[in-house]
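# build me a structure from this.
(2 chains)
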Amino acid sequence: MSFHPKMAYDATFHKSARTLAEPGTPFVYAPENRARLDDIVKRYPADRKRSAVLPALYLVQHQQGYITASAMQHVAGILGITAADVEDVVSYYTMFYTRPVGTFVLSVCRTLSCALNGAERVTEEMCEKLSIRPGQTDASGTFTLLEVECLGACDRAPVVMVNDAWQENLQPGAVGKMLDDLRTRGEAALSGCHHVIERAR
Amino acid sequence: MERLLTAHVREPNCFTLDFYLRHEGYDGLKKALAMPADQVVEAVKASGLRGRGGAGFPTGMKWQFVDKKSPHPRYIACNADESEPGTFKDHLLMERNPHLLIEGCAIACYAIGAKVAYIYIRGEFFHVQHVLEEAIAEAYKAGFLGRNVLGSGFDCNVYVHRGAGAYEAGEETALLESLEGKRAQPRNKPPFPAVIGLYNCPTAVNNVETLSNVPLILRNGPEWFAALGPEKNGGPKLYCVSGHVKRPGVYEASMNITLRELIEGHAGGARDGHTIKAVIPGGSSVPILMPDQLDTQASFDGVQRAGSLLGSAGIIVVDDSTCMVWLAENLLHFYRHESCGKCTPCREGTDWLHKILRRIERGEGQMRDLDLLTSISGQIGGKTLCAFGDAAITPVLTTLKHFRHEYEAHIREGRCTHVADWRARQPVAAH
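Okay, the predicted model is just below:
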């Protein structure tokens, strides 16, 4: 059945942006990461180690930047589940990367309150300055640009998350400076969360 | 009303245990531990506290439904996955007043007979998680958490569990699935979590703001709490105002306040040279209210009487520069992206709705698309496991209801005629 002439069900209709993880080199946690994971696992009942899969994957990402198939197998072995169980989780949550990302992952909030305050233009500026489209990494491997959904800081729109840190009230005209500052000063160049009044500005 | 939840959030180091103890901190827990657990539940019931996550369900009743006869352990799951567009109150509470939440978790555990509370925090709140974890460590050290809390014989552990980017994890059963290490997809209900929840054990799932209100009830009594607002809408409430206003932010008030006082008073009203076109009063998932409805009381019941829902109290204001077809397209992009994929009507339907809205916004739509939008919405609403489906169709139906002429103009003119300096220079959804 054709739903509508302009919506043919061809091979591109259900094209998923997600791709399978690459095998990667054999993965083992660094001792300190393994110790942290063992500590986290204790928060859950002994027969429910699977609960630690999200923290376990964050630790993989912390160690090697993205999640490979061999890392999934390693995590599965520790938590007593199958690699498919782990991949099921990795492929669902947006904060896990299965491809290498840049030094700084720029996650621009695109949802309503940020969009009403210029988020579309922030993304445009970033695309222009870095010569990439959302979802891509720039040629130097420094920046990956992502459009994400509501970050929960709508009073400081537009908001951009850079790795795990925040830049609030980013005006389109200030994008170039922020990128330059990130290159020289790293995440210290960001505004952080405005609630943190103890932070020296 | 004086601010109760956010009284000190602008003061330096207000998140520390020392500061909290100087402001009646953990007094509520001490009072609770001196009472039988059932009486704590009764006190919360008498206060009329309603869940602040969106549904407004009475918290005391939720706790009472927790199966006490079950041989399994019981759990508290605190929903800190604040992801509803336009909502950022729990963010403030956890970052600046974390001990209030921890005290609330401990009282809730005591009330339902749980020994463990998991705070499920969204992955993007990494900086908040640190504050929370440090506060928890302080609480353990001071004996407010851990074994034999304050010598009462009651054991209580609170753990923070970080999500990884999924709106659906805010749905209570999806949150439990995620806590169990699976995809955040909802379960069929019933059974409700109060009977079969986390690890198949009886569980109460409560929002951050809800649990943060519990210590206030214990400290000052249920009657005091109920008297703070209109009937059945007692207690302090946090409102998040964002969008096209001069002073967006979190404002605490009793639910006697009107939307106009919040938007034009606290938040400073529309930008200069603009007028308010529409207001979404409870996060993106609720029907639009029009400017002539701003005198609506911002309580659960008041907003419902006006034809919408208070939801998570995420008030999004849009002014006359906003194209309402674009607005629907923006929100459906959100829902299409966040649909967990478990129920076909929602997974496929949100994608269809977004595609049709995008082509109308681009000027490629046809008049019959409007009926198609209504028809698809009808195939999603009420036909999914969780409320996501109903939430996703709301922006479509509500903009069609109030702004059908804008849809028709797009189709007639073959383009979007709205010009706004905050919109992309390239046509919408160029990427």
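# how about the contacts made by B:Pro73?
B:114-116, B:201 (C-beta atoms under 8 Å, 6 or more residues apart in numbering or on different chains). The way it works is simple: take the backbone N, C-alpha and C, and place the C-beta from them, glycine included.
# A:Ile40 now?
Neighbour list for A:Ile40: A:52, A:55-56 [criterion: C-beta under 8 Å, 6+ apart].
# isn't B:Asn213 up against B:Arg50?
No. Using C-beta atoms under 8 Å, B:Asn213 makes no contact with B:Arg50, being 9.5 Å away.
# if we can go back for a sec, can I get the contacts of B:Pro73 in TSV with pLDDT?
Formatted as TSV, the contacts of B:Pro73 follow (pLDDT from 0 to 100):
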residue	pLDDT
B:Ala114	97
B:Lys115	97
B:Val116	98
B:Cys201	97
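# tell me the one of the residues you listed nearest A:Arg34?
Ranked by distance to A:Arg34 (C-beta to C-beta), the contacts of B:Pro73 are led by B:Val116 at 24.1 Å.
# which residues does that closest one contact?
For B:Val116, the set of contacting residues under the criterion of C-beta under 8 Å, 6+ apart consists of B:73, B:75-76, B:109, B:156-159.
# show me what it bridges to in the sheet.
In this entry, B:Val116 is beta-bridged to B:Tyr75, B:Asn157, by DSSP bridges.
# hang on, the earlier thing: give me the buried entries from the contacts of B:Val116.
For the contacts of B:Val116, burial is judged from neighbour counts taken by 16 or more other C-beta atoms under 10 Å in any protein chain shown, and it is met by B:75-76, B:109, B:156-159.
# return the member of those nearest to chain A.
Proximity of the buried ones among the contacts of B:Val116 to chain A, judged by C-beta to the nearest C-beta, is greatest for B:Tyr159, which lies at 4.5 Å.
# so how far is B:Leu216 from B:Leu309?
Taking C-beta to C-beta, to the nearest Å as the measure, B:Leu309 and B:Leu216 are separated by 24 Å.
# wondering if the lengthiest strand in chain B reaches chain A at all.
Taking residue count as the measure and DSSP state E as the definition, the longest strand of chain B comes out as strand B:236-243. Yes. Part of strand B:236-243 sits near chain A under the criterion C-beta under 8 Å from any C-beta of the partner chain, namely B:240-243.
# which two of the contacts of B:Pro73 have the greatest separation?
The two members of those with the most space between them (C-beta to C-beta) are B:Lys115 and B:Cys201, at 11.0 Å.
# okay, the two: which has more neighbours?
It is B:Cys201, of B:Lys115 and B:Cys201, that has more neighbours when counted by other C-beta atoms under 10 Å in any protein chain shown, with 21 against 15.
# now the more buried one: how far from B:Asp67?
Taking C-beta to C-beta as the measure, B:Cys201 falls 9 Å from B:Asp67.
# joint contacts of these two?
Both B:Cys201 and B:Asp67 are contacted by B:Arg74, under the criterion C-beta under 8 Å, 6+ apart.
# so B:Gly243 sits right up against B:Gly314, yeah?
No. Because the distance of 9.8 Å does not satisfy C-beta under 8 Å, B:Gly243 is recorded as not touching B:Gly314.
# just give me the closest of the buried ones among the contacts of B:Val116 to B:Met94.
Of all the buried ones among the contacts of B:Val116, B:Val158 has the smallest distance to B:Met94: 12.4 Å, by C-beta to C-beta.
# and the gap between the spatially most central residue of chain A and B:Ser83?
The residue at the geometric middle of chain A, judged as the C-alpha nearest the mean C-alpha position with C-alpha atoms, centre = their mean, is A:Met95 (3.8 Å). From A:Met95 across to B:Ser83, the span is 12 Å (C-beta to C-beta).
# dump the contacts of A:Ile40 to JSON lines, plus distance to A:Asn169.
What follows is the contacts of A:Ile40, written out as JSON lines (distance: C-beta to C-beta, whole Å):
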{"residue": "A:Ala52", "distance to A:Asn169": "36"}
{"residue": "A:Pro55", "distance to A:Asn169": "31"}
{"residue": "A:Ala56", "distance to A:Asn169": "35"}
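# among these, which are in reach of chain B?
The subset of these lying close to chain B, counting by C-beta under 8 Å from any C-beta, consists of A:52, A:55.
# any idea which helix or strand carries B:Ile39?
For the record, residue B:39 is Gln, not Ile. Secondary-structure element containing B:Gln39, defined by DSSP states H and E: helix B:37-47.
# identify the residues contacting B:Glu252.
Applying C-beta under 8 Å, 6+ apart as the definition, the contact partners of B:Glu252 turn out to be B:1, B:3-6, B:236-239.
# and those, which are buried?
B:4-6, B:236-239.
# dump these into JSON lines; add distance to B:Thr16 and pLDDT as well.
Formatted as JSON lines, the entries for these read as follows, by distance: C-beta to C-beta, whole Å; pLDDT from 0 to 100:
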{"residue": "B:Leu4", "distance to B:Thr16": "19", "pLDDT": "96"}
{"residue": "B:Leu5", "distance to B:Thr16": "17", "pLDDT": "96"}
{"residue": "B:Thr6", "distance to B:Thr16": "16", "pLDDT": "96"}
{"residue": "B:Pro236", "distance to B:Thr16": "22", "pLDDT": "97"}
{"residue": "B:Lys237", "distance to B:Thr16": "26", "pLDDT": "97"}
{"residue": "B:Leu238", "distance to B:Thr16": "21", "pLDDT": "98"}
{"residue": "B:Tyr239", "distance to B:Thr16": "27", "pLDDT": "98"}
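# ranges for the helices of chain A?
Counting by DSSP state H, chain A has helices at residues A:31-41, A:53-64, A:69-79, A:83-90, A:112-116, A:119-130, A:175-185.
# tabulate the ones you listed in TSV, adding columns for mean pLDDT.
Output for the helices of chain A, formatted as TSV (pLDDT from 0 to 100):
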stretch	mean pLDDT
helix A:31-41	98
helix A:53-64	98
helix A:69-79	97
helix A:83-90	96
helix A:112-116	97
helix A:119-130	96
helix A:175-185	97
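# domains of the chain?
Reading this off chain A. Dividing chain A into domains by automatic domain parsing, as the record does, gives the ranges A:1-100, A:104-189.
# the chain in question should be chain B.
Taking automatic domain parsing as the reference, chain B has its domains at B:17-226, B:236-319, B:324-413.
# distance from the longest one to the middle of the chain?
Read that as domain B:17-226. Centroid separation for domain B:17-226 versus its chain: 14 Å, with C-alpha atoms, centre = their mean, to the nearest Å.
# for that domain, how far is the first residue from the last?
From its first residue to its last, domain B:17-226 covers 28 Å (C-alpha to C-alpha, to the nearest Å).
# could you do the last one as well?
By C-alpha to C-alpha, the extent of domain B:324-413 from end to end equals 15 Å.
# ok so, going back, would you reformat the contacts of B:Val116 as JSON lines and include pLDDT?
As requested, the contacts of B:Val116 are arranged in JSON lines below (pLDDT from 0 to 100):
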{"residue": "B:Pro73", "pLDDT": "97"}
{"residue": "B:Tyr75", "pLDDT": "98"}
{"residue": "B:Ile76", "pLDDT": "98"}
{"residue": "B:Cys109", "pLDDT": "98"}
{"residue": "B:Cys156", "pLDDT": "98"}
{"residue": "B:Asn157", "pLDDT": "98"}
{"residue": "B:Val158", "pLDDT": "98"}
{"residue": "B:Tyr159", "pLDDT": "98"}
